[in-house]
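1. pasting the sequence and the predicted model now:
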Amino acid sequence: MKLSALLVTLSSIAAFAQEAAPADQQGGGVMSFLPIILLFVVMWLFFIRPQSKERKKMEEMRKALKKGDKIITTAGIIGTITSIEDNSNIITVRTGSTTFIDFDKSAIVRVMNAEDKTEEKK
């Protein structure tokens with residue numbers, strides 16, 4: 001919804017800019033590409049940059065995983081990390097008293113210990 005509204009706004013700005021230009025003046029090379037350049041800048045500011053920040057934050061969280069952390073996986077499984085293999089991305093999670101499941105680090109969505117610590121600080 002936001003992207004379509006943004007595209008409509010940018011195209012209307014470009015149309016008004018073309019109508020406002022005098023008829024005897026030809027638009028320069030840069031001026032004809034200005035709406036496209038503006039579109040890419042806006043897309044970078046609102047879509048690409050926040051996604052890359054979120055990706056970096058998730059990578060840092062996954063690198064900081066340690067034994068004993070309480071985590072939530074992409075499947076919604078809540079458990080405690082019992083072991084982390086050093087040379088691979090495999091971690092073992094204890095979900096019950098005798099249930100152990102191996103996961104890839106990329107399946108970890110959230111560390112619940114970190115949330116508890118931030119709530120204690122407040």
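-> Okay, I see it. Numbering: from 1, shown residues only.

2. parallel or antiparallel, list what pairs with the strand of greatest length in the chain.
-> The single longest strand within the chain, with elements called by DSSP state E, is strand 78-84. Its sheet considered, strand 78-84 pairs with strand 70-73 (antiparallel), strand 90-94 (antiparallel) by DSSP bridges.

3. could you point out which of those sits nearest Q51?
-> Proximity to Q51, assessed across the strands paired with strand 78-84 by Cβ to Cβ, is greatest for strand 70-73 (20.9 Å). Every residue, glycine included, has its C-beta placed from N, CA and C.

4. how close does S97 get to K105?
-> 24 Å (Cβ to Cβ, to the nearest Å).

5. what of K63?
-> For K63, the distance to K105 (Cβ to Cβ) stands at 8 Å.

6. just M43 next, same as before
-> 30 Å.

7. in stretch 53-65, what counts as buried?
-> For stretch 53-65, the neighbour count (16 or more other Cβ atoms under 10 Å) marks 61-62 as buried.
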